[in-house]
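Participant: Mind looking at a prediction? Sequence and model below.
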Amino acid sequence: MSIYTRTGDDGTTGLFGGKRVLKCEELVDAYGTLDELNCWIGLLIVNVHDPSFRDLLTGIQTDLFATGSVLAGWKGDISHINSRVTVFEQRIDEAQAELPDLSSFILPGGSLVGSYAHIARSIARRAERQVVGIAKTEHVDPVIIKYLNRLSDLLFVLARLINKNAGVTETAWSGMHPKGK
């Protein structure tokens with residue numbers, strides 16, 4: 001089977017069920033963002049050494065693929081992602097127990113892998129905003145929004161934990177740019 005079909009050469013893409021829409025539509029943008037997030041999660045998987053986090057991230061990739069497919073019209077079942085939110089909350093709580101309390105915002109960055117997690121977090125937030133936008137005019141299962149919200153929280157805490165384990169100190173945001181720098 002050829003990887004190219006030429007059917008998208010006119011700027012359209014096919015949804016499940018055969019409907020064709022412009023590639024610039026909000027829906028296509030949203031599931032494209034989920035694909036982008038999935039790629040960053042893949043980069044995290046190959047760089048995170050904790051097997052339990054690698055397994056969790058691999059499950060997230062599967063969730064994101066299914067969620068994007070549902071947004072594109074697939075009639076599959078994603079009811080399991082509601083229970084994944086609970087798993088995320090448990091993992092967040094476990095990780096936070098190892099981390100210093102936050103007293104200010106922190107600047108994204110730190111180690112290379114911590115930075116990857118921060119990028120993934122920001123993409124998860126964008127995906128959440130896009131799905132909320134779609135939900136204004138179309139039915140979107142509310143668990144998708146909840147899932148993306150908690151996923152970004154998980155990725156934030158994962159970034160912090162990666163940086164801590166790498167011995168990298170977080171940079172607090174002071175609210176102002178230091179003079180002379």
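Facilitator: That came through fine.
Participant: Compute the distance between L71 and A166, please.
Facilitator: Here L71 is placed at a distance of 35 Å from A166 (C-beta to C-beta, to the nearest Å). All C-beta atoms are positioned from the backbone trio N, CA, C, and that covers glycine.
Participant: I78 against I144, yeah?
Facilitator: Yes: at 7.5 Å, I78 and I144 qualify as touching, with contact defined as C-beta atoms under 8 Å.
Participant: Mind checking which of L71 and A166 has more residues around it?
Facilitator: Neighbours of L71 and A166, each counted by other C-beta atoms under 10 Å, are more numerous for L71; the result is 24 against 12.
Participant: correct me, but that one touches D29?
Facilitator: No: if you go by C-beta under 8 Å, L71 and D29 don't touch, sitting 10.4 Å apart.
Participant: For the residue nearest the centre of the chain, pull up the helix or strand it's in.
Facilitator: The geometric centre of the chain, computed from its C-alpha atoms, lies nearest to A124 (C-alpha atoms, centre = their mean), at 3.2 Å. When secondary structure is defined using DSSP states H and E, the element that contains A124 is helix 112-135.
Participant: Please apply the same query to V168.
Facilitator: Going by DSSP H and E, V168 is not part of any helix or strand.
Participant: neighbours around it, how many?
Facilitator: A count of neighbours around V168, defined by other C-beta under 10 Å, yields 17.
Participant: Nearest residue to it in space, please, no chain neighbours.
Facilitator: Using C-beta to C-beta, 6 or more residues apart in numbering and skipping residues adjacent in sequence, the residue nearest V168 is G110, 4.3 Å away.
Participant: Which pLDDT does the model give the one you found?
Facilitator: Per-residue pLDDT puts G110 at 93.
Participant: Enumerate every residue touching the closest residue to A117 other than its chain neighbours.
Facilitator: Excluding its sequence neighbours, the residue lying closest to A117 (C-beta to C-beta, 6+ apart) is A159, at 3.6 Å. For A159, the contact set (C-beta atoms under 8 Å, 6 or more residues apart in numbering) comprises 108, 110, 114-115, 117-118, 121.
Participant: let's see it at 6 Å
Facilitator: Listed by C-beta atoms under 6 Å, 6 or more residues apart in numbering, the contact partners of A159 are 114, 117-118.
Participant: All the helices of the protein, in order from the start?
Facilitator: According to DSSP state H, the chain carries its helices in the segments 26-47, 51-71, 81-98, 112-135, 142-165.
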